[in-house]
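Colleague: Sequence first, then the predicted structure:
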Amino acid sequence: MINEDVLWTAEVLAASSSVAFIGEPLYRYIAHEGSVTGTFDSGVAIVFDNCRRLEHFVSGLFPGLEGDCASYCARACWSVILAASRGENKKRYPKVYTRAMVELSKREKDISQFCASPKDLILRVLVKMRLYGLLKK
């Protein structure tokens with residue numbers, strides 16, 4: 001299932017005649033119970049689909065922002081891939097884990113480019129070797 005509202009912000013910005021940056025945070029995200037950002041369950045794989053939709057949207061209307069969009073989606077997907085690779089999640093949600101591994105192979109170039117810290121490099125090796133889930137938090 002794809003959330004039809006996921007592109008709301010991008011669509012509003014695309015429809016705007018101008019956008020002003022004021023340099024002050026006027027919005028705070030509050031993670032509610034059951035939020036994708038605060039929990040891990042079988043629905044979290046929607047991030048992969050939503051990133052594909054966002055990338056398609058941005059490439060069609062704003063080709064100059066494709067790199068920024070790829071960076072954002074690489075980070076969002078990498079976060080889900082890491083969460084899916086944790087031992088308890090990997091066991092409880094094997095379909096999400098399998099999907100995460102497919103997504104890792106599809107996005108490997110972008111993830112390598114945009115998640116390139118030494119820590120991310122080590123984590124990528126552990127995830128690809130299927131050892132990340134063995135680490136204790």
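Modeller: Done, it's in. What you see is a predicted model; the values in this text were computed from it and never measured. Numbering: from 1, shown residues only.
Colleague: If you count neighbours, what's buried in the strand or helix carrying Ile46?
Modeller: Using DSSP states H and E, Ile46 sits within helix 46-61. Residues of helix 46-61 classed as buried by neighbour count (16 or more other CB atoms under 10 Å): Val47, Phe48, Asn50, Cys51, Leu54, Glu55, Phe57, Val58. In short, each C-beta sits where N, CA and C put it, glycine included.
Colleague: helix, strand or coil for the residue nearest to Asp110 when sequence neighbours are not counted?
Modeller: Spatial nearest neighbour of Asp110, excluding adjacent residues (CB to CB, 6 or more residues apart in numbering): Ala74 at 4.0 Å. Following DSSP: H, G, I helix; E, B strand; the rest coil, we place Ala74 in the helix state.
Colleague: And the contacts of stretch 108-116?
Modeller: Ala70, Ser71, Cys73, Ala74, Arg75, Cys77, Trp78, Ile81, Leu104, Arg124 (CB atoms under 8 Å, 6 or more residues apart in numbering).
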